[in-house]
Structures are given as structure tokens and as C-alpha cells.
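> coords please:
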Amino acid sequence: MPVSISAQYAHPVEHIFANILPTLAGPLILGKHLHFWMIISWGVVRMMDTHEGHSGYDFPWSIFRLIPFGTGPAYHDFHHSANVGNYSSFTSVWDTFWDTNTEFWEEYFPLGPRRSEGEHEKKE
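Here you go, the predicted structure:
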């Protein structure tokens, strides 16, 4: 059962390398060229994404639907239910690049992205 607040629970090493460093990477790279309120805004966006991605609800009004290659709660829920792949909750770019989301696409779209139902019926 997805519970958004539990998304913050992690082993200390995992919390540093999977939660803190990726969130702070942008502000650390930009350094003094980044305004304090922009850092705060980025932190709020990351928290909103984390909680929405782990809530189990796919809100139709979500601002994260505007992001190209955005995922959504169903995508990341597969990561927790199958304990494999779909590591990203923000976009699917890196999961596709490292081929860690293949099982998700095979389960949710068994016909594949380019095959129609007619083609599937012909093969059987």
C-alpha cells in the first residue's frame, strides 16, 4: 500500500546517495549563481514529486504531467510492488537508458509500443 510520507524512510547510506545528493546536485553545481529562494523552491518541488509519486494517486491536475517523459505514481508503484526497475519518479529517461523499465512496459503494455491488436491476433 503506497503511503507518501514513508517515501522519506531509507537506510542512512541510501538516504545520502539516493535522496540528498541528487536533490542537492543542481544547487551544488550552480553554486553562487543560484538564489536562496530558488534552492528552497527546488526543494519544495522535489518533496511534492516524492510525495505524489509515492501516494498511489494519479492526480489529473498534477503539474508533473507537464514534464516531457514524466512518469506518474503507477510507474514508480511498479518499482515498489515488483522490487525491480522504475527507479525514477520524475522522468523515465534514465530508466529507459539503462533498460530498467522493460518489465513495467511488458506488463502494462503487452502488445508493445508499435504493435496493434490486429497484429497481435495474427501472430497467435
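
> From residue 33, how far off is residue 77?
Counting by Cβ to Cβ, to the nearest Å, the separation of residue 77 from residue 33 is 37 Å. Where C-beta positions appear, they are placed from N, C-alpha and C, glycine not excepted.

> quick one: which of the two has more around it?
Here residue 77 and residue 33 are compared on neighbour count by other Cβ atoms under 10 Å; more neighbours surround residue 77, at 19 against 8.

> in a helix, that's where that one is, yeah?
Yes - according to DSSP: H, G, I helix; E, B strand; the rest coil, the state of residue 77 is that of a helix.

> Surely it is in contact with residue 57?
No - under the criterion of Cβ atoms under 8 Å, residue 77 makes no contact with residue 57, lying 10.3 Å away.

> per-residue confidence for the residue nearest the centre of the chain?
With distances taken as Cα atoms, centre = their mean, the chain has residue 89 as the residue nearest its mean C-alpha position (1.2 Å). With respect to pLDDT, residue 89 has a value of 71.
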